[in-house]
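Trainee: please find the sequence and the predicted model below.
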Amino acid sequence: MAARKRTRRTPEERIQELEAKIALVKARAEQKRVARNPALRHVRAALKAIDRALAATQDPATRRALGEASTTLAACLGLHGLKSSAPRMAAVREPDRWPKFEEDTVLRYIQEHPASCSEEIAAALGTDTTSLRAVLQRLQTEGKARSEGHGRAMRYFAETGS
């Protein structure tokens, strides 16, 4: 058997390794302390109940609502350094089931409610923002509507000539 050459760690390397182990022990102790919090135990129980409900239902609206609640509760646990035990099921998104809207319906809403954001328009018309985006872009291309702002702060206005 060949002799292996041993490399000795410097005192600084040993100290760094020990400090890393101490940090892990402290993190585990904090997680255990937080896990004993009664409020967070109830959040975990609610999360498990939501997962069971998600597995039991096929209704898209119910699944979407349960998915949003599940995401919120999982984020709450994450803020306290805990991971949810059950895997999260994403909210079911079925854009084909959303009603399709004509440009004139969206334009009429923008005329009656200037400075509306896409979320407000989608909620009022009973659709989702993904389906609405294409219609809003067509209205802008045709010069019937304009937008101000960027991202979620974008607001839509009807052009006066439309």
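Mentor: Now that the structure is in, tell me what you want to look at.
Trainee: only C-alpha atoms from now on, for both contacts and neighbour counts.
Mentor: Fine.
Trainee: what average pLDDT does the longest helix anywhere in the chain get?
Mentor: Longest helix in the chain, counting residues (DSSP state H): helix 11-35. Averaging pLDDT along helix 11-35 gives 86.
Trainee: chain center to that helix, what's the gap?
Mentor: Distance of helix 11-35 from its chain centroid, counting by Cα atoms, centre = their mean, to the nearest Å, is 31 Å.
Trainee: go on, stretch 60-73?
Mentor: With Cα atoms, centre = their mean as the basis, stretch 60-73 stands 10 Å off its chain's centre.
Trainee: and the residue nearest to the spatial centre of the chain, what helix or strand is that in?
Mentor: Central residue of the chain (Cα atoms, centre = their mean): T71, 6.5 Å from the mean position. Applying DSSP states H and E as the criterion places T71 in helix 60-79.
Trainee: averaged pLDDT, that helix. What do you get?
Mentor: Rounded mean pLDDT across helix 60-79 is 85.
Trainee: picking up where we left off before, the residue nearest to the centre of the chain and R155, how far apart?
Mentor: 27 Å (Cα to Cα, to the nearest Å).
Trainee: got phi/psi on E148?
Mentor: Per-residue torsions, E148: phi -130, psi 140 (degrees, to the nearest 10).
Trainee: which strand residues bridge it?
Mentor: Judged by DSSP bridges, the bridge partners of E148 are R155.
Trainee: could we number from 29 for the rest of this?
Mentor: Sure, I'll start numbering at 29, so the last one becomes E176.
Trainee: quick one: residues contacting it.
Mentor: Contacts for E176 (Cα atoms under 8 Å, 6 or more residues apart in numbering) come out as M182, R183, Y184.
Trainee: sorry, back to before: what's the next secondary structure element after the longest helix of the chain?
Mentor: Trace forward from helix 39-63 with DSSP H and E and the next one is helix 66-84.
Trainee: what residues of that next one count as buried?
Mentor: Going by neighbour count (16 or more other Cα atoms under 10 Å), the buried part of helix 66-84 is L68, V71, R72, L75, K76, I78, D79, L82.
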